[in-house]
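Asks: Got a predicted model here, sequence first, then my questions.
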Amino acid sequence: MLFGVIAADPPSPPLAPRQPIIGAWLRGGARDPLRQLIVIVATRFKSYNEISAFSYTVERDGTLIANDPVNDGVLVDFARANNIRVIPTVSSTWDSTHIVNIIKSPTLRARHIEAIMQIARSPLIDGIDIDYENLPASSRQPFTDFITLLAFHLHNEGKTLSVTVPPKVRENDAANLTGFADYVALGQVADQIRVMAYEYHGKSGPPAPNAPIWWVRQVMSYTVSVVPSEKAILGIHLYAYDWGGSETIAMWWGDVQALKEKYGGVDRYIESDERGTVGEIEMTYTINRSPLCPLAFFDCAPFAREKHTVYYVDARYVAEAWKIVKELQLGGLVMWRPGGEDPAIWDVFN
């Protein structure tokens, strides 16, 4: 028997820790002029490493329409100059009928994928985010087939695919609008599964916390049970809802602070309830409406007292969400949507 000395390979250097994604969905258009979107990113560019502008919507024939190409062009240039990954979002409208038709038709689906690939092939783009909402449960397999095929083409071009999905805490969730998203299958082919962990209580119901932390934890715990944790991205809300007027409106943290100052609003931080950590703030305030007086003064209507309830989040909520990212070893966090948030949230990430 011959013995020889075999030189051992030098030990491999330790792997650098994986940096979690800190990203944002950004919506352009008339309500968010060019200067505002750029300021949103520019003022916090050291915190972001990924952004997704709502750049494209889907036409009925499968082609895409650019929502704000001038805005997006400046945004992309700034992001590239600051090492921020650019993952534009392709989104559906509220009526998802045309999306269902596209993904079920081989011809329309092929045209749609080619339209997406024309965008993705740009050297300025790192990948694509698909955000198709309100699809019926019957579109589950066609949607999976579409995402699988799109992932194949994107990966061949060296680009990534993110899929934005509705939240659920179990596979057979009671909410019909979550049934189309097959977490298991999508998690096998996509690079990111972005879970919109908000709207547990929406504006159509009575005043209540939008997304209590205990529920967010349930959503993401289920997600990582069927999706690789490094692909699971927690999506959180930064907006508030204000109940009490003629309609329930959405607003930012900054708007809430202005209302608080103007009307003497009273805050109550809801640390927890019987189910666990909540982390949201309830603010109440009252608007005294002046009476409407006709010519005969004695016919004046009485003063109206319009009582409002607002639920909103600040840095404390974001800190609780960030704990979930770390504890479950998620791929990161993406916010919907910065622009008037509590500035202290950036200290959480730092």
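Replies: Nice, I can see it.

Asks: From what I see, Val76 and Ile87 are in contact.
Replies: No: checked against Cβ atoms under 8 Å, the pair Val76 and Ile87 is beyond contact range at 10.8 Å. For every residue, glycine as well, the C-beta is placed using N, CA and C.

Asks: Gly235 is in contact with Trp336, isn't it?
Replies: Yes: between Gly235 and Trp336 a contact is recorded at 6.2 Å, counting by Cβ under 8 Å.

Asks: which residues are common contacts for these two?
Replies: Trp25, Met196, Tyr198 (Cβ atoms under 8 Å, 6 or more residues apart in numbering).

Asks: Name the nearest of those relative to Asn350.
Replies: Nearest to Asn350, judged by Cβ to Cβ, of the shared contacts of Gly235 and Trp336 is Trp25 at 21.2 Å.

Asks: what's the helix or strand for that closest one?
Replies: Using DSSP states H and E, Trp25 falls within strand 21-26.

Asks: same deal with Thr164?
Replies: Judged by DSSP H and E, Thr164 forms part of strand 160-165.

Asks: do the same with Ile147
Replies: helix 140-156.

Asks: which residues sit against that helix?
Replies: 100, 103-104, 109, 112-113, 116-117, 120, 127-128, 130, 132, 135, 160-161, 163, 179-182, 185-186, 189-191.

Asks: which ones among those are found in helices?
Replies: Using DSSP state H, the subset of the contacts of helix 140-156 located in helices is Val100, Ile103, Lys104, Arg109, His112, Ile113, Ile116, Met117, Ala120, Ala185, Leu186, Val189.

Asks: Closest one to Ile38 out of those residues, please.
Replies: Out of those, the member with the shortest distance to Ile38 (by Cβ to Cβ) is Ala120, at 23.1 Å.

Asks: Now do the contacts for the closest one.
Replies: Gly127, Ile128, Leu154, Glu157, Lys159.

Asks: Report the buried members of the residues you listed.
Replies: Buried subset of the contacts of Ala120 (neighbour count, 16 or more other Cβ atoms under 10 Å): Gly127, Ile128, Leu154, Lys159.

Asks: and which of those is nearest to Ala42?
Replies: Distances from Ala42 to the buried ones among the contacts of Ala120, taken by Cβ to Cβ, are shortest for Gly127, at 22.1 Å.

Asks: Count the residues that sit near the residue nearest to the closest one when sequence neighbours are not counted.
Replies: What sits nearest to Gly127 in space, not counting adjacent residues and going by Cβ to Cβ, 6 or more residues apart in numbering, is Thr160, at 3.3 Å. Thr160 has 19 neighbouring residues, counting by other Cβ atoms under 10 Å.

Asks: Overlap in contacts, Val76 and Ile87.
Replies: In contact with both Val76 and Ile87: Ile125, using Cβ under 8 Å, 6+ apart.

Asks: Comparing the two, which residue is more hemmed in?
Replies: Ile87 (28 against 19).

Asks: okay but that one is in contact with Asp131, surely?
Replies: No: assessed by Cβ under 8 Å, Ile87 is found out of contact with Asp131, at 10.9 Å.

Asks: quick revisit: now rank the shared contacts of Gly235 and Trp336 by neighbours and give me the top one.
Replies: Trp25 (22 neighbours).

Asks: In this structure it contacts Gly339, no?
Replies: No: Trp25 is beyond contact range of Gly339, at 10.8 Å (criterion: Cβ under 8 Å).

Asks: Pull the contacting residues for Ala42.
Replies: Taking Cβ under 8 Å, 6+ apart as the test, what Ala42 contacts is Phe78.

Asks: ranges for the helices of this structure?
Replies: Going by DSSP H, the chain shows helices at 34-42, 69-81, 97-104, 106-120, 140-156, 183-189, 213-226, 253-263, 315-327, 345-349.
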